[in-house]
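# take a look and give me a structure for this.
(one chain, ligands or ions: 1)
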Amino acid sequence: MRLDLVEIFRCPRAHAPASLIAAVDAAVDGDVTRGVLGCPVCDVRYPIIAGAVVFDERLRAACLAAGPAPRATPDAALRTAALLDLTGPGGRVLLGGTAVAAADALAALVDVAIVALDPPGPTPAAPGGVAVYAGAAPLGPAVLRGAVLDGETAGAAPTVIAALRPGARLLAPVALAMPAGVRPLARDAEHWLAERTDDGAAAVPLRRAAPAVPAAPAASPRPAR
Ligand SMILES: [Zn+2]
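Next up, the predicted model:
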């Protein structure tokens, strides 16, 4: 994990948003390979193992036991860059689950830092970026330029949306109902593409959204019996 990425993380526990503090045990070429991210509010410590930040150890074990993501098609990085409208360098892009297969090519294509969420198979090296095992996006607001989720990581959508900049895009499987906080742009048989709305109020980071208040029943067009 690149040390300058520490600032994007927030403690996922139920308390006021808190940035995390890094303690580095080992680093290679500016990438932290071993250490800890600690929360100053609840005092929990999230280990950095093989460069990945581990918020959920059971999930890490399950990801490591899974087979690696299938190889990305040669045009996957170009397609991802185009769909996410990554027209210039800089910033961070979250790739969830099997979408991580396109990470290296995408980072080389547009010079973005990749946040690999719950990548299946061996922990990716993620040079300049970071792998995260969390089941959600334990991130601060407006730290992502774009995101891609697969079927396994679709449940992280509300927290990912909360971490997108206004106008940043999310590509997700059609099986996922479009959450609050984004407006649809395009859809095909497999994915929908949406952009984060300017109004962040709909996306609540790291907390379960309050149940929607049922709409008042519409007046019946037929006379009540
Ligand atoms: Zn905490």
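
# and the lowest-mean-pLDDT helix or strand in the chain, which residues are buried?
Here the helix or strand of the chain ranked lowest by mean pLDDT, DSSP states H and E is helix 103-110, holding a mean of 90. Using 16 or more other Cβ atoms under 10 Å as the test for burial, helix 103-110 gives 103-107, 110. The C-beta positions use only the backbone N, C-alpha and C, and glycine is treated the same way.

# would you put the C-alpha positions of that helix in CSV?
What follows is helix 103-110 as a C-alpha-only set of coordinates in CSV (Å, rounded to 0.1, in the frame of the first residue of the first chain):
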residue,chain,number,x,y,z
ALA,A,103,-6.0,-3.3,-12.6
ASP,A,104,-2.4,-3.4,-13.9
ALA,A,105,-3.4,-2.5,-17.5
LEU,A,106,-5.7,0.3,-16.3
ALA,A,107,-3.1,1.8,-14.0
ALA,A,108,-0.6,1.8,-16.8
LEU,A,109,-3.1,3.3,-19.3
VAL,A,110,-4.3,6.3,-17.3
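
# quick check: longest strand of this structure.
strand 164-173 (DSSP state E).

# pLDDT below threshold where in this protein?
Low-confidence segments of the chain (pLDDT under 70): 200-225.

# what does the protein put close to the ion?
11, 13, 39, 41-42 (Cβ under 5 Å from the ion).

# output the contacting helices and strands for the longest strand of the chain.
Packing partners of strand 164-173 (3 or more Cβ pairs under 8 Å, 6 or more residues apart in numbering; DSSP states H and E): helix 76-83, strand 144-148, helix 157-163, strand 191-196.

# will you turn the ones you listed into JSON lines that also has mean neighbour count and distance to residue 128?
JSON lines is the format used below for the helices and strands packed on strand 164-173 (neighbours: other Cβ atoms under 10 Å; distance: least, Cβ to Cβ, whole Å):
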{"stretch": "helix 76-83", "mean neighbour count": "17", "distance to residue 128": "15"}
{"stretch": "strand 144-148", "mean neighbour count": "27", "distance to residue 128": "14"}
{"stretch": "helix 157-163", "mean neighbour count": "26", "distance to residue 128": "18"}
{"stretch": "strand 191-196", "mean neighbour count": "20", "distance to residue 128": "24"}
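
# nearest to residue 54, of those?
Closest approach to residue 54 among these (Cβ to Cβ): helix 157-163, 16.8 Å.

# buried residues in stretch 132-144?
Neighbour-count burial for stretch 132-144 [16+ other Cβ under 10 Å]: 132-141, 143-144.

# may I see these arranged in a markdown table, with secondary structure and distance to residue 196 as well?
Converted to a markdown table, the buried residues of stretch 132-144 look like this (DSSP: H, G, I helix; E, B strand; the rest coil; distance: Cβ to Cβ, whole Å):
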| residue | secondary structure | distance to residue 196 |
| --- | --- | --- |
| 132 | strand | 20 |
| 133 | strand | 24 |
| 134 | coil | 20 |
| 135 | coil | 21 |
| 136 | coil | 17 |
| 137 | coil | 13 |
| 138 | coil | 18 |
| 139 | strand | 13 |
| 140 | coil | 14 |
| 141 | coil | 11 |
| 143 | coil | 12 |
| 144 | strand | 9 |
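
# just the residues you listed now: which is nearest the ion?
residue 138 (9.8 Å; Cβ to the ion).

# surely residue 54 meets residue 130?
No - if you go by Cβ atoms under 8 Å, residue 54 and residue 130 don't touch, sitting 11.3 Å apart.
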